[in-house]
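Visitor: Coordinates for the following, if possible.
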Amino acid sequence: MDDFQKYNLDEILPLITVTELRDAYTQGHSQRVAYYAHLLATALNLDTTVCQNVYTAGLLHDIGKIGIPDAILLKPGQLDKEEFELIKLHSSISGQIVKNIPHYKYLANIVASHHENYDGSGYPQGLKKDEIPLEARLLSIADVFDALTTRRIYRSSLSFEQSLTILKEQKYKFDPYFLETFLKIIPHYGITKAQTKTIHFEKLEKLRNNFFFIDPLTKTLNRDGLLAILGKLSHYQYKLMLYFLNIKNFKEYNYHFGSQEGDQLLIQLTKLFYKTFTPQETIKEPQKKDIYFARIQADQFIFISIEQRENYLTYKLEQMIQQFQQEFQVEIKTTKIIKNSHNIKSEIGYLL
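Guide: Numbering: from 1, shown residues only. Down below sits the predicted model:
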C-alpha cells in the first residue's frame, strides 16, 4: 500500500470506528473481515490489486450500519420480519456511502454485494455465481466466519470447529472453490483477535437489558422482555405454570387517589413479589426452577415458573396477594395456566 492510499485509508478509519462503537459486539469486525478476506485472496494467488481492494472493501463493508436505527441494530432479541428487512438495508447503504468517497467509489459495488449468496438467495439484488463481484465472494466467507467465531448480542461465540462445520453446511451460499481454499488455509492461521478496545460485556448487557426489556416504572421485565423469554422457552420441554394477575378497578383507583398513587401501587406489588420470590432479572437461557415476573400492561402482570411444585407456589402466591389486598384495599384477579414450554410463545403470545 503506497503512502497516498494509506493516507486516504487513515481518513476513513475514524468513520469505521464510529460505526462499530454503536455496537460494541462488532468492534473489530471490519478489521477481522478485511484480514480474513485478504488472507484468502493471497492464498488464491490473486492479483495484488485485488488483494488490496478486498482488504479495503472489508474495512468498509458494514459502514452502512450507521444508517440503521439503534432500536434494531442494538436489539438483544430476535428481529421480526420487518426489522430484518430494515437491517438488510445496511449493505446497500454501505455501497451508497462508499460511492461518495472519491478515492474508494470503485469499491461501492463490492461493498454493496457482500451479502449476496452464490445460489442467488442473498441480498440486496439476489445475484448468483459470477454475477457477484469476485471480491464480494471473498468477503462473504470472511464475514460469516467472523460472525460465527465472535460473541454477538444474541449468542456466545462458536468454537473454531463449530464455525467450520457451519460453513460446510451452508456451502451453497459461497463460491465453492473459494470456500474449499478457505477451509484448507484457515486452520494454519486460526482466529484473529483484532478489536478496537476492551469490551465490558457484562456492563453492556445489563445496560441493554434495562433499555429494551425492563419496565421503567416497576423495574421488572416488560412485555418485550417476556416475549424474549417465551421465545427461548419454546426450544425446551419444560412444564410451566403461568399466573396472570391484574388489579381490578385500577382506573377507579387512579381516579380517586391520583396517578402517582396508582404508580406506587404497581411498584409496591412488584416489590412484594420480589420479596416473596426470586425472579430472574435478565434475558438468559431458562433453567429449571427459574421464576419470571413481568408487567405486560398498565395493571397486568404475569408470573411464570419452570418445573416448580404447583401447590407450594400457588400457596405462596395466594399468601402474597392476600397480604397486598389487605394493605392496599384492592382486589387482584388471578388466572392460572399450565403449559408445556414448547411453542409457548405462539400459544399465549396473543394474550399479551
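Visitor: Give me the helix or strand of this protein that scores worst on average pLDDT.
Guide: In the chain, no helix or strand scores lower on mean pLDDT, DSSP states H and E than helix 3-21, which sits at a mean of 64.
Visitor: ok, so what distance separates residue 207 from residue 75?
Guide: Separation of residue 207 from residue 75 (CB to CB, to the nearest Å): 13 Å. From N, CA and C alone the C-beta is placed, and that goes for glycine too.
Visitor: More neighbours: the two, which one.
Guide: The neighbour count for residue 207 versus residue 75, taken as other CB atoms under 10 Å, is higher for residue 75 (20 against 12).
Visitor: Could you check stretch 104-114 and say which residues are buried?
Guide: The neighbour-count check on stretch 104-114 (16 or more other CB atoms under 10 Å) flags 104, 107, 108, 109, 110, 111, 112, 113, 114 as buried.
Visitor: will you turn those into a markdown table that also has distance to residue 28?
Guide: Listed next are those as a markdown table, based on distance: CB to CB, whole Å:
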| residue | distance to residue 28 |
| --- | --- |
| 104 | 20 |
| 107 | 20 |
| 108 | 23 |
| 109 | 25 |
| 110 | 21 |
| 111 | 18 |
| 112 | 22 |
| 113 | 23 |
| 114 | 17 |
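Visitor: ok, residue 261 - contacts?
Guide: 253, 254 (CB atoms under 8 Å, 6 or more residues apart in numbering).
Visitor: rewinding a little: show me the buried residues of stretch 104-114 that map onto helices.
Guide: In helices, judged by DSSP state H, the following of the buried residues of stretch 104-114 are found: 108, 109, 110, 111, 112.
Visitor: and of those, the nearest to residue 256?
Guide: Checking those against residue 256 with CB to CB, the nearest one is residue 112 at 60.4 Å.
Visitor: which residue packs closest to the closest one, ignoring adjacent ones?
Guide: residue 95 (2.7 Å; CB to CB, 6 or more residues apart in numbering).
Visitor: Angles on the backbone of the one you found, please.
Guide: Residue 95 has phi and psi values of phi -60, psi -40 when expressed as degrees, to the nearest 10.
Visitor: Assign a three-state SS to residue 301, would you?
Guide: Here residue 301 takes the strand state, with states given by DSSP: H, G, I helix; E, B strand; the rest coil.
Visitor: Surely it is in contact with residue 274?
Guide: No: counting by CB atoms under 8 Å, residue 301 stays clear of residue 274, with 11.9 Å between them.
Visitor: Same drill for those two, tell me which one is more crowded.
Guide: residue 301 (25 against 15).
Visitor: how near is the closest residue to the more buried one other than its chain neighbours to residue 293?
Guide: Of all residues not flanking residue 301 in the chain, residue 245 sits nearest, at 4.5 Å (CB to CB, 6+ apart). Between residue 245 and residue 293 the distance is 9 Å, computed by CB to CB.
Visitor: Looking at the two, which is more packed in?
Guide: Neighbours were counted for residue 245 and for residue 293 using other CB under 10 Å; residue 293 has more, 25 against 22.
Visitor: how far away is that one from residue 226?
Guide: For residue 293 relative to residue 226 (CB to CB), the value is 9 Å.
Visitor: list residues touching both of the two?
Guide: By CB under 8 Å, 6+ apart, the residues touching both residue 293 and residue 226 are 302, 304.
Visitor: mind showing which ranges of the stretch 251-352 of the chain have poor pLDDT?
Guide: The model of the stretch 251-352 of the chain has pLDDT under 70 over residues 343, 345-352.
Visitor: all helices of it, in order?
Guide: Per DSSP state H, counting those that start in this stretch, the stretch 251-352 of the chain has helices spanning 259-276, 310-328, 344-348. These are given in chain order.
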